[in-house]
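Participant: pasting the sequence and the predicted model now:
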Amino acid sequence: MRLKVCISIIFLIFVSLPIDAQCAMCRAVLESEEGQSTAKGINNGIIYLMVIPYLLIGGLAVFIYKKLSQK
């Protein structure tokens, strides 16, 4: 049961809608650009940086769960 819940939570974390994650100043500067390629790159970079802490905490949670379930 718990394994199914954990897998469901992990699945929901990785399956999400694309979002714009820019601060107001970055957004104003990047929207004035033609083509919007730099804005897309900045958005992707922000999203990648945001995912790393979730992966680390998730890995730690799995490690702790496995250690506690062995006893």
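Facilitator: Ah, there it is.
Participant: alpha carbons only for contacts and neighbour counts from here, please
Facilitator: Will do.
Participant: longest helix in this protein, by number of residues?
Facilitator: helix 37-69 (DSSP state H).
Participant: name the helices or strands packed onto that helix?
Facilitator: Counting by 3 or more C-alpha pairs under 8 Å, 6 or more residues apart in numbering; DSSP states H and E, the packing neighbours recorded for helix 37-69 are helix 24-31.
Participant: in this structure, which ranges drop under the pLDDT threshold?
Facilitator: Residues of the chain meeting the criterion pLDDT under 70: 16-24, 27, 71.
Participant: switch the cut-off to 80
Facilitator: For the chain, applying pLDDT under 80 flags the ranges 1, 12-40, 42-43, 71.
Participant: quick one: the spatially most central residue of it and Met25, what's the gap?
Facilitator: Most central in the chain under C-alpha atoms, centre = their mean is Val51, positioned 3.1 Å from the mean C-alpha point. Val51 sits 22 Å away from Met25 when distances are taken as C-alpha to C-alpha, to the nearest Å.
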